[in-house]
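Asker: could you work out the structure for the sequence below:
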Amino acid sequence: MSGSVPDSLIPYDEIVQEALRAVVGRVLGSVAATGGLPGNHHFYITFKTHAQGVDIPARLIERFPDEMTIVLQHRFWDLTVDAERFSVGLSFNQVPALLTIPFSAITGFHDPAVNFELRFQAQEGPDGPEPHEEAENDGPTAKPADDGSNVVSVDFKRKK
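Answerer: Down below sits the predicted model:
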């Protein structure tokens, strides 16, 4: 009997990624339904700026050509959520913008208030993502803690 694991004919990794992105949708849907964030909760959401279905101003794509992190905390408006995407109004350097982001474009979700984090796989080029600047949403923000508690990271790599 061989010790190698056969390739799965069921795309488990895609199914799990889709389910975890649904968690983000459910959380954002709850915030949209209640009209605000409960307690000290706030979210860092990282997404691929060139992913299919992403609709953000060209000036933001120029500044963040690969990946961007937004913060939903003090100043955001018009949060709407459906099964495939969410839209939110944010201000960048005092200029308002409406962003539409499909859940499939999200690569990270972090709620520092309870140190909950989800990471998602993203299709990268051969050299990985390009470096990018941190998001500069208006208003004070705290850097996420990196102690590893409550972090869910799913990384499926097939053994060949």
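Asker: check for me that V23 belongs to a helix.
Answerer: Yes. Note on V23: a helix contains this position according to DSSP: H, G, I helix; E, B strand; the rest coil.
Asker: gap between the closest residue in space to it that isn't next to it in sequence and N93?
Answerer: In space, and not counting its chain neighbours, V23 is closest to L118: 6.6 Å by Cβ to Cβ, 6 or more residues apart in numbering. The way it works is simple: take the backbone N, C-alpha and C, and place the C-beta from them, glycine included. Distance of L118 to N93, computed by Cβ to Cβ, to the nearest Å: 28 Å.
Asker: the more surrounded of those two?
Answerer: Using other Cβ atoms under 10 Å as the criterion, L118 and N93 rank with L118 on top: 21 against 9.
Asker: the more buried one and Q94: what is the separation?
Answerer: 31 Å.
Asker: please apply the same query to P102.
Answerer: Distance, P102 to Q94, by Cβ to Cβ: 27 Å.
Asker: more neighbours: which of those two?
Answerer: More neighbours surround P102 than the other of P102 and Q94, with 18 against 6 (other Cβ under 10 Å).
Asker: how about the helix or strand containing D13, which residues are buried there?
Answerer: In this assignment (DSSP states H and E), D13 forms part of helix 12-34. For helix 12-34, a neighbour-count test (16 or more other Cβ atoms under 10 Å) marks Q17, L20, R21, V24, G25, V27, L28, G29, V31, A32 as buried.
Asker: just send those residues back as a markdown table, with pLDDT too.
Answerer: A markdown table is the format used below for those (pLDDT from 0 to 100):
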| residue | pLDDT |
| --- | --- |
| Q17 | 89 |
| L20 | 91 |
| R21 | 90 |
| V24 | 93 |
| G25 | 93 |
| V27 | 93 |
| L28 | 93 |
| G29 | 93 |
| V31 | 93 |
| A32 | 92 |
